[in-house]
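Engineer: Need coordinates for the following:
(one chain, ligands or ions: 1)
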Amino acid sequence: MSFQNPVFIPGPTNIPESLRKACDMPTIDHRSPLFGTILHPARKAVQAILKSTSAEVFIFPSTGTGGWETAITNTLSEGDTVLVARNGMFSHRWIDMCERHGLELIIVDVAWGQGIPADRFEEILTGDTAHRIKAVLATHNETATGVVSDIGAIRHAMDAAGHPAMLMVDGVSSIASMDFRFDAWGVDVAVTGSQKGFMLPPGLAIVGFSEKAMDATKTAGLHRTFFDVHDMMKGYANSAYPYTPAVGLMNGLNEACRMLMDEGLETVFARHHRIAEGVRRAVWAWGLELCAESPDVYSDTISAVRTPNGFNATDIVTHAASTYGVAFGVGLGDVAGKVFRIGHLGSLTEVMTLSGIATAEMCMVDLGLDIKLGSGVAAAQEYYRYGSEIEQKVA
Ligand code: PLP
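Structural biologist: Sure, this is the predicted structure:
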């Protein structure tokens, strides 16, 4: 079995050589001051990526799921009410976690393919005059459907309702790839992981807490040990951890943030947008549709592509892996078998993306779909050649 790149799953993403090298370091004493030279810059660098000047950043040896648990267990108590929308598998899993922790949920179910309805949130929050709702949970980018939601609009809804709930945002597949504004959007807890926009192997849960969220930790009653941010803060004060940190990954995180800042965050976001737009043009040239229902919710990190009725979309993923050694993402939950997912985030260029589009095209033709070889590639090529020019003219 050989390992081939690039991958087109929506995380983990391709790992640049410099990051692989940064993670591969000799053991150091994580209880010595040397560790502080990795820990403190990493926390500071993540804060900048979040576009925050004050967020407390916590880095756990874990994954995004651990980040969800950090968010809720440190700020909420059993029986607290949480408002959340379910529009895909990841929002569903966060809901499931909240239920298992004994939280009360107000769930707004929307079609998989739509974004979080900020107007509906505003109605519910306005009606909650007793301020029973302690937190609003939002999945910024639903990785299952390729749908981005407007977090600024959710903040606006909360403010319009005059509601004091905390705003907790899952940015696992958006942060470091798509615009994310911790301070400007009044985010109280942001959650991400190492294996998507940061282009690292999985293994870190990366979480930002606002002052308000830190205040909530003083009274939060949910049980926590491994993910206790107070234990973490005590450790950080001594440049240490309450347990053994993933030192190599954190060294990689420093390097990843340096790469992102060197490229420029806005340039990183623009690159993701350009790459995504080429993929979307390919999808339309194939005569297929995105799971995302309207342009305002198109994700720049992942496209979930609907296949014709009666065709099992998972076959494309299986065939691509076995025949061409290329990885795409399968559909999850309600859209399993109905979509396949093209991940286009992290360390990726337009030219690399063309190889993914070409592979998907070959698979679909091999499997008997009525698609013309080269049609998607050509549409993306046209855009990648002239896209920015066209966009400039339109602007
Ligand atoms: N949230 C979103 C939006 C995700 O895409 C994922 C994973 O893909 C998760 C949460 C869970 O993260 P992890 O698999 O790192 O635990």
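Engineer: For the residue in the stretch 151-300 of the chain that the ligand sits nearest to, which residues are in contact?
Structural biologist: The nearest approach of the stretch 151-300 of the chain to the ligand comes at Val172, 3.5 Å away (Cβ to the nearest ligand atom). No exception for glycine: its C-beta is placed from N, CA and C like everyone else's. Shown in contact with Val172 (Cβ atoms under 8 Å, 6 or more residues apart in numbering): Gly11, Gly64, Gly67, Phe90, Asn141, Thr143, Val191, Thr192, Gly193, Lys196.
Engineer: Show me which residues of the chain are close to the ligand?
Structural biologist: Residues of the chain lying close to the ligand (Cβ under 6 Å from any ligand atom) are 11, 63-65, 90, 139, 141, 143, 170, 172-173, 193, 202.
Engineer: Adding pLDDT, distance to Thr267 and secondary structure, write those out as TSV.
Structural biologist: As requested, the residues of the chain next to the ligand are arranged in TSV below (pLDDT from 0 to 100; distance: Cβ to Cβ, whole Å; DSSP: H, G, I helix; E, B strand; the rest coil):
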residue	pLDDT	distance to Thr267	secondary structure
Gly11	95	21	coil
Thr63	98	28	coil
Gly64	98	25	helix
Thr65	98	30	helix
Phe90	98	27	helix
Thr139	98	25	strand
Asn141	98	19	strand
Thr143	98	23	coil
Asp170	98	25	strand
Val172	98	22	coil
Ser173	98	19	coil
Gly193	98	23	strand
Pro202	98	26	coil
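Engineer: Quick one, which of those residues are buried?
Structural biologist: Applying 16 or more other Cβ atoms under 10 Å to these, the neighbour count classes Gly11, Thr63, Gly64, Thr65, Phe90, Thr139, Asn141, Thr143, Asp170, Val172, Ser173, Gly193 as buried.
Engineer: measure the closest residue to Val110 other than its chain neighbours to Met166 for me?
Structural biologist: Closest residue in space to Val110, ignoring its immediate chain neighbours: Asn87 at 4.8 Å, by Cβ to Cβ, 6 or more residues apart in numbering. According to Cβ to Cβ, to the nearest Å, Asn87 stands 20 Å off from Met166.
Engineer: At which residues are the strands of the stretch 51-200 of the chain located?
Structural biologist: 56-61, 81-86, 104-109, 133-139, 141-142, 147-148, 166-170, 189-193 (DSSP state E, counting those that start in this stretch).
Engineer: Met25 touches Val247, doesn't it?
Structural biologist: Yes: using Cβ atoms under 8 Å, Met25 is in contact with Val247, at 7.3 Å.
Engineer: Just want to know which of those two has more residues nearby.
Structural biologist: Taking other Cβ atoms under 10 Å, Met25 and Val247 do not tie; Val247 has more neighbours (21 against 13).
Engineer: can you give me the helices for the stretch 251-395 of the chain?
Structural biologist: Here the stretch 251-395 of the chain has its helices, by DSSP state H, counting those that start in this stretch, at 265-285, 314-319, 350-366, 375-394.
Engineer: Kindly reformat these as TSV containing mean pLDDT, distance to Leu253 and mean neighbour count.
Structural biologist: Output for those, formatted as TSV (pLDDT from 0 to 100; distance: least, Cβ to Cβ, whole Å; neighbours: other Cβ atoms under 10 Å):
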stretch	mean pLDDT	distance to Leu253	mean neighbour count
helix 265-285	98	16	20
helix 314-319	98	30	19
helix 350-366	98	23	20
helix 375-394	79	30	15
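Engineer: Could you point out which of the ones you listed sits nearest Met97?
Structural biologist: Across the helices of the stretch 251-395 of the chain, Met97 has its closest neighbour in helix 314-319 (26.0 Å, Cβ to Cβ).
Engineer: With just CA atoms, put that closest one into PDB.
Structural biologist: Extracted C-alpha coordinates of helix 314-319, given in PDB (Å, rounded to 0.1, in the frame of the first residue of the first chain):
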ATOM      1  CA  THR A 314     -20.100   6.600  -2.600                       C
ATOM      2  CA  ASP A 315     -19.100   4.400  -5.600                       C
ATOM      3  CA  ILE A 316     -17.200   7.400  -6.900                       C
ATOM      4  CA  VAL A 317     -15.100   7.600  -3.700                       C
ATOM      5  CA  THR A 318     -14.400   3.900  -3.700                       C
ATOM      6  CA  HIS A 319     -13.500   3.800  -7.400                       C
END
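Engineer: Ser299 and Thr145: what is the separation?
Structural biologist: 8 Å.
Engineer: which residues are in contact with both of these two?
Structural biologist: Ala292.
Engineer: Those two: who's more crowded?
Structural biologist: Per other Cβ under 10 Å, whichever of Ser299 and Thr145 has more neighbours is Thr145, with 34 against 30.
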